[in-house]
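Student: pasting the sequence and the predicted model now:
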Amino acid sequence: MPSKFFYNEEALENLRIADPSVLDRLIDHESHRENNLKKSRLKEDKRMSLHDAIAKFVDDGDIVADSGFSYVRTPLQAHFEIWRQGRKNLSYIGSPNTLHSFAVFGGNCNATHNSYCGAEMRGTDRQFSRSVKAGKTKILSEWSHGSMGLGFKAAQYGEPYVAAHQLLGTDMMKYNPYVKEVKDPWTGKPVCLIPALHPDVCIIHCQQADMYGNAKIVGPAVNDIAEAFASRKVIITCEEVVPELSMRFDNSNVVIPFMIVDAVVELPFGCMPGSCPGYYYWAREWWEWLMRIATKDEACMQDFYNIWVLGCKNQYELMDRLAKDMGGYAYIDHLRRLEKAEEYLIEDSGVDFTYEPVIPIWD
Amino acid sequence: MNTPAPANPFEQLAYNIALQIHDGMIVYVGTGLPMVGAMLAKKTHAPHITLVYESGGQDPWEGPMPWSVGGAATFRRAPMSMEMAHSFAMAANGFVDIAFQGAAQIDMYGNLNTHLIGGDFHNFKARLTGSGGGNDLSSLSETFVLVGLQDPSKFPLKLDFMTSPGFLSGGNSRMEAGLLGKGPQSVVTQIGVMDFEPESKRMRIKGLNPYCTAEIAQMCTSFELLVPETIEEIPAPPDDVLRVLREDVDPHKIFIEFPPRVK
């Protein structure tokens, strides 16, 4: 199919993209604007269950934005629900996009706009490596965090593209069909043009939202503000739904306005087993188990996926299982105290940060 | 007081990283040993540095070492935290004096690979994380320091993929490509510290850790290292610095245990 837009030919060839029309929707501002013009203008109660929000607003084939920061304020429970509902042919984009490796494993995602897939010092995601090699996901573009962030910012500001100083001179330019090197018309120096990026759907976990969708983010916003404005559909999951008046009396940290939001889901512990600033810390052992043990081979990964994604209907079942493995409700409460202590919201001198790291014996 | 045990290679590395940081700088901190080195600098010779993290955390109140560059310790009682695009914009606008970067491969011009090892984009031995903020920091910071364990496979003649720019093909090629900043100022490894010859921009030995020689450095490198007339002798970390490193910075030995518990 002929593509709607013009792409970097060298990158199309290097990435072996035979049909460039698959790239179109991510940078199709026209359809983004048309979609927004059709959104309800009414300030209405948008609350619904997680199940219904995913069923209504995440479709097969959507470009899904990965939000938060790998395991910090990332709406893991909402993504687990997408996978449990069996969405197909999704593509994922995000900086980082750690989470999407497991969507590929589960058969929900078959295309990737990559920036960073991993978990820092927790270990390398060997599952992602295997999935890419086996062709289970097609890499459509390679990004750095900053360049992708600028693409979302351009979208937020309604600009067609931004000119940037990164990516130039490296292989990144040769493996990203969207970006283009041109001469800056003022200085004559090379710059990299990054187009506005428009995912289909974006789920953002916030500490607080009201029933209309006004939402507060506490702690680093990462790319979430820009992603929300850039995306065609926006689902807010939050620790607490608060009265609208509380947003008016204390509007600090309100970064998402109601009119761009499609659904509000009250979802306490929605980032579990990741962390939510102000509320709870990561289950560190869970992440180390995932990266260091589960990603070792397909069978280990399948076990892990069966238990934690398919085997838990919601966040509470996951927490029950976590508590069962880790020492009961005291463990869950400890996660709450660790987060508050590390943020220095409570006195931290008596809080013990030590834990038993997961060290696989075969290493 | 007892004399502490001599520094292991990771502790020496953390100390060498810390020495790259001068007091008063704004330091962009990546995960792993750079985090340890930056914290060590702040707790010893450079108490007035400001730490900035890519997720948006900046200037956190002193506390435990972050478990992640997105974690609570990166925005602990921070006066403000920002968005990712803004945090890299700070680098582009000249508010990041130094950044640190690890890599799977580093070439003779300080270019980095964090994408894949063994083969090419479609047929590799292992696919790695991708750029993350690496390309941005290398492209935008005023200068940056490369951190790694030096061996011939990690310091190859040619990268399997060039994720982040150092001096590209040497000479003026970095500037001509439109990149900002001065490029990498040094490479810190378990062998010592390398810098880049000002004209050719090729990697050369600057200083060697205790018990290391230029021959050992070359044996750990697949390309030819330039050797200057005089090579600095890098001191072992003093006892008081070692104590801070072991007791305050990384008391649980997450990063400085040698050999490491997790490969």
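Tutor: Sure thing, it's come through.

Student: contacts and neighbour counts: CA atoms only from here.
Tutor: Noted.

Student: right, and A:Gln156 touches A:Asp224 too?
Tutor: No: contact criterion CA atoms under 8 Å: A:Gln156 and A:Asp224 do not qualify, at 10.6 Å.

Student: neighbour-wise, which of these two wins?
Tutor: Neighbour count, other CA atoms under 10 Å in any protein chain shown: between A:Gln156 and A:Asp224, A:Asp224 has more, with 31 against 19.

Student: dihedrals phi and psi, that one?
Tutor: Phi and psi for A:Asp224, reported as degrees, to the nearest 10, are phi -70, psi -40.

Student: who's in contact with it?
Tutor: A:Ser67, A:Gly68, A:Ile204 (CA atoms under 8 Å, 6 or more residues apart in numbering or on different chains).

Student: give me every residue that touches the closest residue in space to B:Gln101 that isn't next to it in sequence.
Tutor: Once flanking residues are discounted, B:Gln101 sits nearest to B:Leu146: 4.9 Å by CA to CA, 6 or more residues apart in numbering or on different chains. B:Leu146 sits next to B:Phe100, B:Gln101, B:Gly102, B:Ala103, B:Gly110, B:Pro184, B:Ser186, B:Val187, B:Val188 when contact means CA under 8 Å, 6+ apart.

Student: B:Met35 too?
Tutor: B:Val29, B:Met65 are the contacts of B:Met35 under CA under 8 Å, 6+ apart.

Student: ends of stretch B:25-41, how far apart?
Tutor: 11 Å (CA to CA, to the nearest Å).

Student: mind listing what residue 68 touches?
Tutor: In the absence of a named chain, chain A is used. Taking CA under 8 Å, 6+ apart as the test, what A:Gly68 contacts is A:Thr74, A:Pro75, A:Ile204, A:His205, A:Ala221, A:Val222, A:Asn223, A:Asp224.

Student: sorry, I should have been clearer: chain B.
Tutor: B:Ser68 neighbours (CA under 8 Å, 6+ apart): A:Glu120, A:Met121, B:Thr31.

Student: ok, B:Pro235 next?
Tutor: B:Asn209, B:Pro210.

Student: what kind of secondary structure is A:Glu240 in?
Tutor: Here A:Glu240 is strand, with the state taken from DSSP: H, G, I helix; E, B strand; the rest coil.

Student: could the contacts of B:Leu146 be laid out in a markdown table, adding neighbour count and pLDDT?
Tutor: Listed next are the contacts of B:Leu146 as a markdown table, based on neighbours: other CA atoms under 10 Å in any protein chain shown; pLDDT from 0 to 100:
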| residue | neighbour count | pLDDT |
| --- | --- | --- |
| B:Phe100 | 29 | 94 |
| B:Gln101 | 25 | 91 |
| B:Gly102 | 22 | 89 |
| B:Ala103 | 20 | 90 |
| B:Gly110 | 29 | 98 |
| B:Pro184 | 27 | 98 |
| B:Ser186 | 23 | 97 |
| B:Val187 | 27 | 98 |
| B:Val188 | 27 | 97 |
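
Student: with just CA atoms, put stretch B:58-74 into CSV.
Tutor: Below are the C-alpha coordinates for stretch B:58-74, written out as CSV (Å, rounded to 0.1, in the frame of the first residue of the first chain):
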residue,chain,number,x,y,z
GLN,B,58,16.8,16.9,40.2
ASP,B,59,18.6,18.2,43.2
PRO,B,60,17.3,15.6,45.7
TRP,B,61,17.8,16.0,49.4
GLU,B,62,20.7,13.9,50.6
GLY,B,63,19.7,10.3,51.3
PRO,B,64,20.1,6.7,50.2
MET,B,65,21.5,5.8,46.8
PRO,B,66,18.7,5.4,44.2
TRP,B,67,17.8,1.8,43.2
SER,B,68,16.8,3.2,39.8
VAL,B,69,17.3,6.6,38.0
GLY,B,70,13.5,7.0,38.2
GLY,B,71,13.3,6.1,41.9
ALA,B,72,12.3,8.1,44.9
ALA,B,73,15.9,9.0,45.9
THR,B,74,16.2,11.0,42.6
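
Student: tell me which residues of it are tucked away?
Tutor: B:58-61, B:63-74 (16 or more other CA atoms under 10 Å in any protein chain shown).

Student: again, but for stretch B:23-31
Tutor: So, applying 16+ other CA under 10 Å, buried residues of stretch B:23-31: B:Met25, B:Ile26, B:Val27, B:Tyr28, B:Val29, B:Gly30, B:Thr31.

Student: A:Arg25 reaches A:Val201, doesn't it?
Tutor: No: in this structure A:Arg25 lies outside contact range of A:Val201 using CA under 8 Å: 11.9 Å.

Student: these two: which is more packed in?
Tutor: Neighbours per residue, other CA under 10 Å: of A:Arg25 and A:Val201, the larger number sits with A:Val201, 23 against 19.

Student: contacting residues for that one?
Tutor: Neighbours of A:Val201 in contact, by CA under 8 Å, 6+ apart: A:Phe57, A:Val58, A:Asp62, A:Ile63, A:Val64, A:Ala65, A:Ser231, A:Arg232, A:Lys233, A:Val234, A:Ile235.

Student: same thing but 10 Å
Tutor: A:57-59, A:62-66, A:92, A:227-228, A:230-235 (CA atoms under 10 Å, 6 or more residues apart in numbering or on different chains).

Student: for B:Met80, same thing?
Tutor: A:Gly219, A:Pro220, B:Gly56, B:Gly57, B:Gln58, B:Asp59, B:Pro60.

Student: quick check: bridge partners of the fifth one?
Tutor: For B:Gln58, the beta-bridge assignment (DSSP bridges) gives partners B:Val52.

Student: for it, what are its contacts?
Tutor: A:220, B:26-29, B:50-52, B:73-82, B:87.

Student: repeat the analysis, applying 7 Å as the threshold.
Tutor: With contact taken as CA atoms under 7 Å, 6 or more residues apart in numbering or on different chains, B:Gln58 is in contact with B:Leu51, B:Val52, B:Thr74, B:Phe75, B:Ala78, B:Ser81.

Student: would you map the strands across chain A?
Tutor: A:63-65, A:90-93, A:109-114, A:138-142, A:161-164, A:180-183, A:190-195, A:201-209, A:215-216, A:233-241, A:254-256, A:263-266 (DSSP state E).
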